[in-house]
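Enquirer: Give me a model of this one.
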Amino acid sequence: MRPAELQLDLQFGDFARRAEHRALLPSAKVRRWMAMALRAPAEITVRIVGEDEGRALNREYRGKDYATNVLTFDYTREPVVSADLVLCAPVVEREAREQGKPLADHYAHLLVHGTLHAQGYDHETDEREALEMEALEVLLMGALGFPNPY
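Expert: Next comes the predicted model:
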């Protein structure tokens, strides 16, 4: 299967170790990871942020007063997927360390995960869809050369 076309805007906020995260996430790599999860052409902005920005966005849009690993703001799904993904670098880094996996592997998984959310997958309210989404993530990560993220 050929990955869908992706117009990507990759942004980095102001946070500690920003340069390291930027070096780990070149646009071509991020584009390849995300495009693998797309079923339709897409225009997606990915913003890598610090803890303060991540927490503020999660509080404002989800009513949860903590920074989470990835937030997906999906705007349209047809004919073009249009979305913003916000990944909180300190949370992603902490989770990768706790899970004993390379930081790049965890970023790849969260970018695939967020891209699936942008297309309507929901693991929080539908158990059947959660299982389907997880299985798809495992398949996509394998196709990208990564081990099972779970």
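
Enquirer: tell me the pLDDT at the most centrally placed residue in the chain?
Expert: In the chain, the residue lying closest to the centroid (Cα atoms, centre = their mean) is L111, at 2.5 Å. Note on L111: pLDDT of 98.

Enquirer: Equivalent analysis for D126, please.
Expert: 74.

Enquirer: What does it show for phi and psi?
Expert: phi -130, psi 110 (degrees, to the nearest 10).

Enquirer: what residues does the worst-scoring helix or strand of the chain on mean pLDDT touch?
Expert: Sorting the helices and strands of the chain by mean pLDDT, DSSP states H and E puts helix 127-143 at the bottom, at a mean of 92. If you take Cβ atoms under 8 Å, 6 or more residues apart in numbering as the criterion, helix 127-143 is touched by 36-37, 108-109, 112-113, 116, 121-124, 147-150. (Glycine included, C-beta is placed from N, CA and C.)

Enquirer: Does the residue nearest to the centre of the chain touch V30 like I think?
Expert: Yes - at 6.3 Å, L111 counts as touching V30 under the criterion of Cβ atoms under 8 Å.

Enquirer: Now do the shared contacts for these two.
Expert: Residues touching both L111 and V30 (Cβ under 8 Å, 6+ apart): V46.

Enquirer: Where does pLDDT dip in the chain?
Expert: 1-3 (pLDDT under 70).

Enquirer: For it, which segments are assigned as strands?
Expert: Ranges of strands within the chain are 6-12, 42-49, 70-76, 81-88, based on DSSP state E.

Enquirer: Would you format those strands as a markdown table with distance to R94 included?
Expert: Conversion of the strands of the chain to a markdown table gives the following (distance: least, Cβ to Cβ, whole Å):
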| stretch | distance to R94 |
| --- | --- |
| strand 6-12 | 18 |
| strand 42-49 | 14 |
| strand 70-76 | 13 |
| strand 81-88 | 9 |
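
Enquirer: Need those in a markdown table (columns: mean neighbour count).
Expert: Conversion of the strands of the chain to a markdown table gives the following (neighbours: other Cβ atoms under 10 Å):
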| stretch | mean neighbour count |
| --- | --- |
| strand 6-12 | 15 |
| strand 42-49 | 22 |
| strand 70-76 | 17 |
| strand 81-88 | 22 |
